[in-house]
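Engineer: Quick one: sequence and predicted model below, then my questions.
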Amino acid sequence: MFRALVVEKDAAGTTLASVQDVAEARLPAGDVTVAVEYSTLNYKDGLCMGSGGGMVRVWPHVPGIDFAGTVEASDDPRFAPGDRVVLTGWRVGESWWGGYAQKARVKADWLVPLPAGLTTRQAMAVGTAGFTAMLALMALESHGLTPDQGEVLVTGAAGGVGSIAVAMLAANGYQTAAVTGRPETEGYLRDLGATRIVPRADLAETVKKPLESEIWAGAIDNVGGPMLARLLGQMKSDASVAAIGLAGGADLPAKVTPFILRGVNLLGINSVTVPYAKRVTAWQRIAAELPMAKLEAMIQPATLADLPALGAAILQGQVQGRVVVDVNA
């Protein structure tokens, strides 16, 4: 038996999440069984624990799209008992039982060895959020971004992806402008390395002119919707925006003008099905480049029992930084 946060749906369609004892025989079929040590909280996790159950289709369900721990048993030669591993993506926690449990069983192809110098707790302080932020930075750099080109904008900067994006950009020598609608987060963002704070209201207006003054050398956008449309018109010539979220809506009420008159690039970042080699590269860069003291400052500790309330909070934009879940606490 092991403890897990189990989400169930009753005949009326109401969902309820609770910590339960679960028999190991109920784990899904897979190549590798992992003794989970830490997980984390993402927007998708909030959806899966919420009233509609998010992307969950089969009940009961164990959410948690990320986890890190130690291999307990393996049928794949790439992993042996005692190996430290990390998992993000692959719809684990959505269509497959996830990391809000003391044990998980998954396909070996979904796992990545924990990089040297990174603990399982630190890996979950990073999680999908930090992994996505690194993929965004890698995409911007592959399209020519360098620190000498000017300011890089991060929207939704006080959230999980935004916090790590600000810290990693600063660590790599970039001038970083952080967008936030919460004035109380300004000190937090400056401590992470933001060189300018941009009030959300400054970008909240819908597009009035297809092109505005050229301001940003690059951008990592967590918001989407009208804010993404607005900042496209403020990008410098040949600059790129890495789009990773839709907290402000899935529609993009934008003009094509920035693309055809300034050569602006809109780069979509998919963190779910990233090939193995690229995953390893991203995690190695995170271990080498992310300042661990700044990562520690982002952490909000939690237990399995805390997750239903935290899931509701993240859906309301009320979670700052990174929640790290000790599944054994």
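Structural biologist: Yep, that arrived. Numbering: from 1, shown residues only.
Engineer: Just the buried positions in stretch 107-124, please.
Structural biologist: 107-108, 110-112, 114-115, 118, 120-124 (16 or more other CB atoms under 10 Å). Every residue, glycine included, has its C-beta placed from N, CA and C.
Engineer: Show me where the stretch 1-150 of the chain has its strands.
Structural biologist: 2-9, 15-22, 32-40, 66-74, 84-88, 103-106, 112-113 (DSSP state E, counting those that start in this stretch).
Engineer: Can you add distance to residue 324 and mean pLDDT and give those back as TSV?
Structural biologist: Output for these, formatted as TSV (distance: least, CB to CB, whole Å; pLDDT from 0 to 100):
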stretch	distance to residue 324	mean pLDDT
strand 2-9	15	96
strand 15-22	17	95
strand 32-40	6	98
strand 66-74	10	98
strand 84-88	13	98
strand 103-106	17	98
strand 112-113	18	98
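Engineer: can you tell which of these is closest to residue 205?
Structural biologist: In terms of CB to CB, the element of the strands of the stretch 1-150 of the chain nearest to residue 205 is strand 32-40, at 33.8 Å.
Engineer: Name every strand pairing with that closest one and say which way it goes.
Structural biologist: Strand 32-40 pairs in its sheet with strand 66-74 (antiparallel), strand 103-106 (antiparallel), strand 322-326 (antiparallel), by DSSP bridges.
Engineer: Can you tell me the closest non-neighbouring residue to residue 294?
Structural biologist: Spatially, and ignoring its direct neighbours in sequence, residue 294 is nearest to residue 167 (4.5 Å; CB to CB, 6 or more residues apart in numbering).
Engineer: element containing the one you found, please.
Structural biologist: helix 160-171 (DSSP states H and E).
Engineer: Give me the angle between that helix and strand 322-326.
Structural biologist: Angle, helix 160-171 to strand 322-326, by axes from the mean of the first three to the mean of the last three CA atoms, to 10 degrees: 110 degrees.
Engineer: What are the buried residues along helix 160-171?
Structural biologist: So, applying 16+ other CB under 10 Å, buried residues of helix 160-171: 160-170.
Engineer: out of those, who's nearest residue 324?
Structural biologist: residue 160 (10.8 Å).
Engineer: Dump the strands paired with strand 32-40 to JSON lines, plus mean neighbour count and distance to residue 286.
Structural biologist: Output for those, formatted as JSON lines (neighbours: other CB atoms under 10 Å; distance: least, CB to CB, whole Å):
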{"stretch": "strand 66-74", "mean neighbour count": "23", "distance to residue 286": "13"}
{"stretch": "strand 103-106", "mean neighbour count": "24", "distance to residue 286": "21"}
{"stretch": "strand 322-326", "mean neighbour count": "24", "distance to residue 286": "13"}
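Engineer: picking that back up, residue 316: which of the strands of the stretch 1-150 of the chain is closest?
Structural biologist: The nearest among the strands of the stretch 1-150 of the chain, by CB to CB, is strand 15-22 at 16.6 Å.
Engineer: so what strands line up beside that closest one?
Structural biologist: By DSSP bridges, strand 15-22 pairs with strand 2-9 (antiparallel).
Engineer: Send over the partner strand as PDB, restricted to the C-alpha atoms.
Structural biologist: The C-alpha trace of strand 2-9 is given here as PDB (Å, rounded to 0.1, in the frame of the first residue of the first chain):
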ATOM      1  CA  PHE A   2       1.000   3.600  -0.500                       C
ATOM      2  CA  ARG A   3      -0.600   7.000   0.000                       C
ATOM      3  CA  ALA A   4      -1.900   9.000  -2.900                       C
ATOM      4  CA  LEU A   5      -4.200  12.000  -3.600                       C
ATOM      5  CA  VAL A   6      -7.100  10.300  -5.400                       C
ATOM      6  CA  VAL A   7      -9.600  12.300  -7.500                       C
ATOM      7  CA  GLU A   8     -13.100  10.600  -7.800                       C
ATOM      8  CA  LYS A   9     -16.300  11.600  -9.600                       C
END
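Engineer: Tell me how far it lies from the chain's centre.
Structural biologist: Mean C-alpha position of strand 2-9 versus that of the full chain (CA atoms, centre = their mean, to the nearest Å) differs by 23 Å.
Engineer: List the buried residues in that strand.
Structural biologist: 2-7, 9.
Engineer: Closest to residue 190 out of the residues you listed?
Structural biologist: residue 5 (34.9 Å).
Engineer: Apart from its chain neighbours, what residue comes closest to the closest one?
Structural biologist: residue 100 is the one closest to residue 5 (CB to CB, 6+ apart), at 4.0 Å.
Engineer: Can you lay out the strands of the stretch 1-150 of the chain as JSON lines showing distance to residue 217?
Structural biologist: Listed next are these as JSON lines, based on distance: least, CB to CB, whole Å:
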{"stretch": "strand 2-9", "distance to residue 217": "42"}
{"stretch": "strand 15-22", "distance to residue 217": "43"}
{"stretch": "strand 32-40", "distance to residue 217": "30"}
{"stretch": "strand 66-74", "distance to residue 217": "31"}
{"stretch": "strand 84-88", "distance to residue 217": "28"}
{"stretch": "strand 103-106", "distance to residue 217": "39"}
{"stretch": "strand 112-113", "distance to residue 217": "31"}
